[in-house]
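Student: what follows is a predicted structure for the sequence shown.
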Amino acid sequence: MLNIALPKGRLGNKVYALLDKLGYSCPELLEDNRKLVFENAASGVRYFLVKPTDVATYVERGAADVGVVGKDILREKDYDLYELMDLKFGKCRMAIAAKNGYVEDPDSVLRVATKYTNTTKRYFSSIDREIEIIELHGSIELAPILDLSDVIVDIVETGSTLRENDLSVIKEIENISARLIANKSSYRFKENEIRQLEEKIGKEI
Ligand code: PRP
């Protein structure tokens, strides 16, 4: 049985569609219910539905053998796991954004709202810019609108959240996409199953 941590939401839906196609199906997952564990003995899989930001933790600690996670999450913390494959979807950009027409004052400390505190610190220290981080956990775009921050650092996919809130990208920091990750000891003990998964995905993407 292969234990797979699936991120809830947009990315997880894409991942499940791919795995379903490759024979790792579990139709119950598509039902409208509040279950978090789904098992299909026939295809040898057990899925856990977890918060996207928690996938790497489940995999690192071996609660799941493999998982799919955005590179944005992997760059936030040094997880002890294998990053097996770039899935080439879930593509977005980590970017700095501000209200339309915003002009930066280089003499004052920049107030940056973000949930990506480490990525943000790393970037601004690389350009030697003094900042104050305002850590939030969602709806980051509200911060500059309410003058809680000057700018935000967040992921931009279609750009519609920024557009609909009169914000725009000032600078793109890095490209992001979804990664297949594996627990280190699972990779040893379930080598065949995980390699097979990798191969099937590799042929499909
Ligand atoms: C993410 C991100 C942006 C949005 C970008 O939020 O934080 O708000 O997606 O996507 P877009 O460019 O396609 O509009 P998410 O949907 O994960 O919700 P959150 O506000 O709870 O973080």
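Tutor: Ah, there it is. These figures come from a predicted structure and were not determined experimentally.

Student: wasn't Lys171 part of a strand?
Tutor: Yes. Lys171 sits within a strand when classified using DSSP: H, G, I helix; E, B strand; the rest coil.

Student: ok, the closest residue to it other than its chain neighbours - how many residues close by?
Tutor: Distance criterion CB to CB, 6 or more residues apart in numbering; nearest residue to Lys171, sequence neighbours excluded, is Ile96 at 4.7 Å. Yep, even glycine has a C-beta here, placed from its N, CA and C like the rest. Ile96: 22 surrounding residues under other CB atoms under 10 Å.

Student: how about the host helix or strand of Ile96 and the ligand, touching?
Tutor: Using DSSP states H and E, Ile96 falls within strand 92-99. No. Residues of strand 92-99 contacting the ligand under CB under 6 Å from any ligand atom: none, with a closest distance of 6.8 Å.

Student: helices or strands up against that strand?
Tutor: Secondary-structure packing of strand 92-99 (3 or more CB pairs under 8 Å, 6 or more residues apart in numbering; DSSP states H and E): helix 142-145, strand 151-156, strand 167-176.

Student: any idea of the mean pLDDT for stretch 34-44?
Tutor: For stretch 34-44, mean pLDDT rounds to 94.

Student: in that stretch, what's buried?
Tutor: For stretch 34-44, a neighbour-count test (16 or more other CB atoms under 10 Å) marks Phe38, Asn40 as buried.

Student: list the contacts of it.
Tutor: Contacts to stretch 34-44, defined as CB atoms under 8 Å, 6 or more residues apart in numbering, come from residues 1-2, 23-29, 45-50, 193.

Student: can you tell me how far Asp166 is from the ligand?
Tutor: In this view, Asp166 and the ligand are 13 Å apart by CB to the nearest ligand atom, to the nearest Å.

Student: residues contacting that residue?
Tutor: Per CB under 8 Å, 6+ apart, neighbours of Asp166: Lys99, Asn100, Ile145.

Student: in contact with the residue nearest in space to the middle of the chain, which residues?
Tutor: By CA atoms, centre = their mean, the chain has its centre lying nearest to Gly70, at 2.8 Å. By CB under 8 Å, 6+ apart, Gly70 lies in contact with Pro7, Leu11, Pro52, Gly90, Cys92, Ile155, Ile176, Ser177, Ala178, Arg179.

Student: just put the residues you listed in CSV and tack on pLDDT, distance to Arg129 and neighbour count.
Tutor: Shown next, in CSV, are the contacts of Gly70 (pLDDT from 0 to 100; distance: CB to CB, whole Å; neighbours: other CB atoms under 10 Å):
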residue, pLDDT, distance to Arg129, neighbour count
Pro7, 96, 32, 26
Leu11, 93, 31, 21
Pro52, 95, 28, 22
Gly90, 94, 29, 23
Cys92, 96, 23, 19
Ile155, 97, 20, 20
Ile176, 97, 22, 22
Ser177, 97, 27, 14
Ala178, 97, 30, 26
Arg179, 98, 29, 21
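
Student: sorry, back to before: adding distance to Ser126, write the helices and strands packed on strand 92-99 out as JSON lines.
Tutor: Shown next, in JSON lines, are the helices and strands packed on strand 92-99 (distance: least, CB to CB, whole Å):
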{"stretch": "helix 142-145", "distance to Ser126": "22"}
{"stretch": "strand 151-156", "distance to Ser126": "13"}
{"stretch": "strand 167-176", "distance to Ser126": "10"}
